[in-house]
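Visitor: how does the following fold in three dimensions:
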Amino acid sequence: MDVTALQSWISANPTLALGAALGLFLLTFLLARLVFGRGLTAIAKRTRNQYDDIIIKKLRPYRASLLAPFILLYLSAYLAPGWQTVLEKTSLFFILWIALVTFFGLFDALNQIYETRPTFNGVSIQGYLDIFKILLVVVGIIISISLFTGESPVLLLSGLGALTAVLLLVFQDTIMSLIASVQISVQNLVREGDWLEVPSYDADGSVLNISLHTIKVQNWDKTITVIPTNKLVQVPYKNWRGMEESGGRRIMRSIPLDQNTVHFCTPEMIARYARIDLISDYVSERQASIEAYSREHGGNDSPLDGPQVTNVEIFRAYVEAYIKQHKEIHTEGMDFIIRELAPSTTGLPIEIYVFTKTTRWAEYERIQAGVFDHLLAAAAFFDLRVFQQPTGSDFAQALKPS
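Guide: Here you go, the predicted structure:
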């Protein structure tokens, strides 16, 4: 049967021709799924390379198999002269958008492959890929309009100038997100995997994903917070990456001492403190300086005459010596300060400002707790009492008959 006779038969039997076309359409789709879809999937499963598995997963070959029947429809549209133009434009429209969706899957696969490389440093490219997707969508819309109107795509592009204001209004968020994404990437503000704290969005956790429009943060309580990309550069936030890269995490905590327990040291107290190995040299030096002054000036009639030493001073020296010998605390290259803050109604604070050698949260908390457990217990040995607000048991003890 030649082409002319086939065209005549289709014109004479439109119902049968439509049924035959639908059957052929379905058969072509099933064959494409079998050969293209299952074939690529089977090949990917047999290889050891994980990249092809990612490509197949994002490409979705079963969906891409829809290209085959529409290509067949386009190539055979001439058999129905009365419907040829409609069939060709319709098939081209579906071919265009199925191809675009397939390219979007390839972009997603490229992003995932990029992020799974051993050399990935957290700098995301998803924002740039999203820009390409938007450009492809715009191109697809222009070609689709050109396809059904018969106008040249170049002519349509030239007419977009009059719609610039409308487009800027419609794509305002996208444009602002694009600018923010460029700022974040160029200035290296945020990477995937960073510990990000954004108080205005109640976000405090690890950055999972950075896209053109959103930044996804998994909080430490395992909830997810989504932050608009363009908003991140407008609100205050804290990126803890610098701390993690420095190799040290700060401990800044105070021990409040009861000011009523601050005293000048008696000879008996100094003798007792001198037996502490960590500060024996320091106490001996202070004692020697006091004795030298006493010999030079013929004795001290009052504790206020000449140099004296207090139990708080000895305690500070002990705190410094104890932390310096701690194997998990930085003693060089980072700030190491043991200082006395201004006294207040809540006691006399002795602040410890040091850095641990680890940035891991659990290890950091363990080190910090261990240091303060020891120092809180040691304060009593220096005849000092840790200050705390009185509780019910304190009042009960005070009112208890003697």
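Visitor: flag the shaky bits of the stretch 1-150 of the chain, pLDDT-wise.
Guide: Residue ranges of the stretch 1-150 of the chain with pLDDT under 70: 1-21, 37, 44, 78-79, 81-82, 120-124.
Visitor: one more time with 80, if that's ok
Guide: 1-69, 72-87, 112-132, 134-135, 138, 142, 146-150 (pLDDT under 80).
Visitor: could you list the buried residues of stretch 375-392?
Guide: Within stretch 375-392, the residues scored as buried using 16 or more other C-beta atoms under 10 Å are 375, 378-379, 382-384, 386-387. For glycine as for every other residue, the C-beta is placed from the backbone atoms N, C-alpha and C.
Visitor: closest to residue 246 among these?
Guide: Residue 246 lies nearest to residue 375 out of the buried residues of stretch 375-392, by C-beta to C-beta, at 24.8 Å.
Visitor: quick one: contacts of the helix or strand hosting that closest one?
Guide: Assessed by DSSP states H and E, residue 375 sits inside helix 361-378. Contacts with helix 361-378, where a contact means C-beta atoms under 8 Å, 6 or more residues apart in numbering, come from 249, 251, 253, 255, 315, 318-319, 322-323, 326, 328-329, 352, 356, 358, 386.
Visitor: just the buried members of those residues?
Guide: Buried among the contacts of helix 361-378 (16+ other C-beta under 10 Å): 249, 251, 255, 315, 318-319, 322-323, 326, 329, 352, 356, 386.
Visitor: which secondary structure elements does the helix or strand encompassing residue 256 sit against?
Guide: Under the criterion DSSP H and E, the helix or strand holding residue 256 is strand 249-257. In this structure, strand 249-257 makes packing contacts with strand 348-356, helix 361-378, judged by 3 or more C-beta pairs under 8 Å, 6 or more residues apart in numbering; DSSP states H and E.
Visitor: just put the buried ones among the contacts of helix 361-378 in CSV and tack on pLDDT and distance to residue 262.
Guide: Supplementary listing: the buried ones among the contacts of helix 361-378 in CSV, determined by pLDDT from 0 to 100; distance: C-beta to C-beta, whole Å:
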residue, pLDDT, distance to residue 262
249, 94, 32
251, 96, 24
255, 95, 13
315, 96, 10
318, 96, 15
319, 96, 15
322, 96, 20
323, 96, 21
326, 94, 26
329, 95, 27
352, 96, 18
356, 95, 30
386, 94, 13
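Visitor: out of these, which one sits closest to residue 35?
Guide: Looking across the buried ones among the contacts of helix 361-378 and measuring by C-beta to C-beta, the closest to residue 35 is residue 249, at 56.9 Å.
Visitor: can you tell me how far that closest one is from residue 326?
Guide: Distance of residue 249 to residue 326, computed by C-beta to C-beta, to the nearest Å: 14 Å.
Visitor: residue 184 now?
Guide: 38 Å.
Visitor: same check, this time on residue 75
Guide: Taking C-beta to C-beta, one finds residue 75 at 78 Å from residue 326.
Visitor: likewise residue 377?
Guide: Counting by C-beta to C-beta - residue 377 and residue 326 are separated by 16 Å.
Visitor: run through who's touching the host helix or strand of residue 280.
Guide: In the assignment (DSSP H and E), residue 280 maps to helix 280-296. Helix 280-296 has contacts (C-beta under 8 Å, 6+ apart) with 270, 273-274, 276, 300, 306-309, 313-314, 317, 321.
Visitor: average pLDDT for it?
Guide: For helix 280-296, mean pLDDT rounds to 85.
Visitor: which helix or which strand is home to the residue most central in space within the chain?
Guide: The chain has residue 207 as the residue nearest its centroid, 1.8 Å off, counting by C-alpha atoms, centre = their mean. If you go by DSSP H and E, residue 207 is part of strand 203-210.
Visitor: could you chop this structure up by domain?
Guide: Domain assignment of the chain by automatic domain parsing yields the ranges 3-184, 189-241, 249-394.
Visitor: which of these sits most buried?
Guide: domain 189-241 (a mean of 17; mean count of other C-beta atoms under 10 Å).
Visitor: quick one: that one to chain centroid distance?
Guide: 6 Å (C-alpha atoms, centre = their mean, to the nearest Å).
Visitor: pull up the distance across that domain, start to finish.
Guide: When the termini of domain 189-241 are compared using C-alpha to C-alpha, to the nearest Å, they are 10 Å apart.
Visitor: how far away is the residue nearest to residue 331 when sequence neighbours are not counted from residue 280?
Guide: Nearest residue to residue 331 in three dimensions, chain neighbours excluded: residue 324, at 5.3 Å (C-beta to C-beta, 6 or more residues apart in numbering). Computed with C-beta to C-beta, the distance linking residue 324 and residue 280 is 15 Å.
Visitor: which residues of the stretch 201-350 of the chain fall in helices?
Guide: 229-232, 241-246, 267-273, 280-296, 311-324 (DSSP state H, counting those that start in this stretch).
Visitor: between those, which one is nearest to residue 31?
Guide: Once those are compared by C-beta to C-beta, helix 229-232 is nearest, at 43.7 Å.
Visitor: next up, the contacts around the closest residue in space to residue 262 that isn't next to it in sequence.
Guide: Once flanking residues are discounted, residue 262 sits nearest to residue 312: 5.3 Å by C-beta to C-beta, 6+ apart. Residues in contact with residue 312 (C-beta under 8 Å, 6+ apart) are 257, 262, 340, 348, 350, 382, 384.
Visitor: same question, residue 245
Guide: Counting by C-beta under 8 Å, 6+ apart, residue 245 touches no other residue.
Visitor: reformat the buried ones among the contacts of helix 361-378 as CSV; add distance to residue 172.
Guide: Shown next, in CSV, are these (distance: C-beta to C-beta, whole Å):
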residue, distance to residue 172
249, 41
251, 46
255, 54
315, 61
318, 62
319, 57
322, 59
323, 54
326, 55
329, 51
352, 50
356, 46
386, 58
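Visitor: can you tell me the closest non-neighbouring residue to residue 389?
Guide: Using C-beta to C-beta, 6+ apart, the nearest residue to residue 389 is residue 346, at 7.7 Å.
Visitor: next: residue 71.
Guide: Nearest non-adjacent residue to residue 71, counting by C-beta to C-beta, 6+ apart: residue 95, 6.5 Å away.
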